[in-house]
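Undergrad: Sharing a sequence plus its predicted fold:
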Amino acid sequence: MYPEYMRKSIRRVEKTRSERLKLARSGKTIFPMMSEEERQEVLDNFHPDYKKDARKKVRIGPNKGEKITTKVVDVLEAYSRIKPEYFDLKHPDYETDVLVIGAGSAGFSASLLASENGADVLLVTKLRIGDSNSMMAQGGIQAAVRPDDNPLLHYLDVMGGGHFDNKPDLVKALVSEAPDAIHWLQELGVMFDRNEDGTMLTKPGGGTCRPRMHSARDYTGAAICRTIRDEVLNRPDKIKILEHQPAVELIKDDKGNVAGAVLYHLENRNYFTVKAKATIIATGGFGRLHIKNFETTNHYGATADGLVIAYRAGANLLYMDSVQYHPTGAVYPPQILGFLCTEKLRGLGAQPVNKNGDLFVHPLEPRDIEASAFIRECTDSNMGIETPGGQVGIWLDSPLIEKLSGPGTIKKNLPAMLRQFERFDVDITQDPILVYPTLHYQNGGIEINDHCETKVNGLFVAGEASGGVHGRNRLMGNSQLDLIVFGRRAGIYAAQYAKKAKTGALTLSHITEYDKEVEKIGVDKKHISPMVLPDYTPSSVKERQHTTEYQGTLR
Amino acid sequence: MPKNVPMVKVYILGEGFDVPEGSTIITALEYAGFQLTVGVGCREGFCGACGTLYREKGDYKLQAGLACQTVVTDGMNIAQIPFVPAEKPIYDINKIDPDIDAFKILYPTLFRCVGCNTCTKICPQDIEVMDYVQALIRGDVARAADLSFDCIRCGLCALRCPAEIVQYNAAILARRLTGKYLLPKSPDLENRVKEIAEGLYEEELQKLEKANAETIKKRYYDRDIKTG
């Protein structure tokens, strides 16, 4: 429960609520949207990406000389976890047509479509299958389906949200396949929310010009991910699964094409080799790098592994100077610090207000703008509320949702949120939620074209690991869509490629070469990537681990 | 973590460790020096990887929770259950009708339910598990889908069930059948998929794809916004 000094601020929020409710009901805009110039100003001054130490030049690899996010450079400028000479590549442990790395919704979609297109699939993952960011997405998935909406409007929204940096071919694929993606998911059995007349329930999201967000309560990502996981599990003759075995390097052939991967079993510490005609990286993002020491909404395994191994194999990155901070991460209670408070809260009418209960930004600006405005309110304007633990946040006035749409609305539409806070004795139907931006999403990634191909033959990428479709800022609901649209595409095109591919002799020489480059720039030998898992062992424990050796973050 | 936080003692696999008060089971395990490779996933209560059994000080009852969502108490005894090796039948969703017969064939153990309510009591999501099992026994697939909607597949229900029912796997089948067959089809969706297949927006999309930044920017800032 909130301590008394925070209650005082909540009473001020309650005081302004009826006026704000009137405003919301009036149909007029609640707070003016920012102009292009205002957007740029708030980003320049308050977005963490624009701070001096946010980026640095990467000194090796395909993007050499480019400024990218500092902690990403740190995992790129690192030695491999493996010694190539240890591996007998003439006798790989597994052989397959298509290797899919990563078992979230992109990996599942890719596996399903690759198998439907005649390929045998090996699906490998670091955690259990489905333990992914896909599973955690709450708010929704975009598709222009309503009669007053269309793919052209969706296209414009995606471009504007991404600051017009998006790759047009990818955006076109994303928006034009969106309705079919929803249809595919429905036919596989995803229970999307419906209106009483049977049409899909759609809500607005940040930066959308139409209510375009399809949802499954606030378990949208879970509803999608667990459904297609079940479908993957129903095809054991075509899709083989290996859990707790992350890929730690790609294998190439003597023609320079990607031809499989090296897996590391986290439990028995064995390494295994996979020979594959085509390889799909669907490993997700980088939240557990804790960029700029932010808390994150991401799952335990989100350590940018796919990015690192693809980069070593010669694939270039796009927009890796850009990080998405979700505007509404939980700040209180401390047990859920950094956890996601879905944008659907604002889609349903919750308003962000400061310690006096006053509005200071439109509730549904694109995420980077909204997050920057929150940071401004908490820093320069000094209108945030401090927690007993020293974090600062602003209020998200959730009780307004039920004032607008009636009692029971939150239980019906936001059961995950209600439960999350109830577990720690906060009732979001009665009290507002304290929020602050949290590290959420990797806007950029490995550059792909609309066939999910990278610069390196045989290597395909789908989902958050890829870069280009969202430009430098993704809108709500376009990630879930990305996973399905490009997951399916990767499956199709990888299967087609596998049919024609003639894989040569396997090699890991690119690892040896890359390690030499790392050595040349004078990196400490102990610096190893991919990270695989974050290290949360306290120093007091480490001091007593006299005979333990760490390889990067792993013991 | 600030230095003056009071500590509590928790027992991990029987051994006592002092951890900061207010820790969740996951952060307590990590504070005690365990580097987790299983029994951990999303860390926000959505993936079901961290089902955990625990017993509180002076209590005989075995309780269960998600390690990422459960705050430790002084004297708590903890054992993680990262995985339940339960049966998962294989089926083709296109060849099943959304009725009781599907469940008779694929999940016959459902009909052995003794109504003990152990599944409901153990569910960390507070789902009425026994009620949805009973709904399936009655052939009310849609009701089971609705009641089980918030399931995260931690498997604790199946673990404790005296009738050997695999509730959470039966539940995903109920939801898939409901989503595919029982919910109304959206005419707008069918129509839009058809329009796109016929190439209705293709020419305009190609124009947008080729348009220069200035044109796109202008169209973006000029577009009308409807939120309702």
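TA: That came through fine.
Undergrad: quick one: contacts for A:Ser381?
TA: Residues near A:Ser381 by C-beta atoms under 8 Å, 6 or more residues apart in numbering or on different chains: A:354, A:360. In this view, the C-beta of every residue, glycine as well, is placed from N, C-alpha and C.
Undergrad: Just want the phi and psi numbers for it.
TA: The phi/psi pair for A:Ser381 (degrees, to the nearest 10) reads phi -80, psi -20.
Undergrad: Tell me where the model's unsure across chain A.
TA: Within chain A, no range satisfies pLDDT under 70.
Undergrad: Run through the residues of the stretch 201-350 of chain A sitting next to chain B.
TA: By the rule C-beta under 8 Å from any C-beta of the partner chain, the part of the stretch 201-350 of chain A lying against chain B is A:204, A:209-211, A:216-217, A:219, A:221-223, A:226-227, A:230-231, A:233-234, A:236, A:244, A:266-267, A:297, A:299-301, A:334-336, A:339-340.
Undergrad: Straight-line length of stretch B:212-228, end to end?
TA: Separation of the first and last residues of stretch B:212-228 by C-alpha to C-alpha, to the nearest Å is 31 Å.
Undergrad: Show residues contacting it.
TA: Contacting residues not belonging to stretch B:212-228 are listed as A:27, A:33, A:36, A:148, A:153, A:156-157, A:159-160, A:164, A:204, A:209-211, A:364, B:208, B:211 [C-beta under 8 Å, 6+ apart].
Undergrad: Return the subset of those residues lying in helices.
TA: A:36, A:153, A:156-157, A:159-160, B:208 (DSSP state H).
Undergrad: ok, so of those residues, who is nearest B:Glu190?
TA: Proximity of the ones in helices among the contacts of stretch B:212-228 to B:Glu190 (C-beta to C-beta) peaks at A:Leu153, which lies at 19.9 Å.
Undergrad: hang on, isn't the closest one packed against A:Val145?
TA: No: using C-beta atoms under 8 Å, A:Leu153 is not in contact with A:Val145; the gap is 11.6 Å.
Undergrad: Drop anything exposed from the ones in helices among the contacts of stretch B:212-228.
TA: Buried subset of these (neighbour count, 16 or more other C-beta atoms under 10 Å in any protein chain shown): A:153, A:156-157, A:159-160, B:208.
Undergrad: With distance to A:Gly329 as new columns, can those be given to me in JSON lines?
TA: Shown next, in JSON lines, are these (distance: C-beta to C-beta, whole Å):
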{"residue": "A:Leu153", "distance to A:Gly329": "29"}
{"residue": "A:Leu156", "distance to A:Gly329": "28"}
{"residue": "A:Asp157", "distance to A:Gly329": "24"}
{"residue": "A:Met159", "distance to A:Gly329": "26"}
{"residue": "A:Gly160", "distance to A:Gly329": "24"}
{"residue": "B:Leu208", "distance to A:Gly329": "34"}
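Undergrad: Go through those residues and say which is closest to A:Leu112.
TA: A:Asp157 (28.0 Å).
Undergrad: Assign the most centrally placed residue in chain A to helix, strand or coil.
TA: Chain A has A:Tyr441 as the residue nearest its centroid, 4.0 Å off, counting by C-alpha atoms, centre = their mean. Classification of A:Tyr441 by DSSP: H, G, I helix; E, B strand; the rest coil places it in strand.
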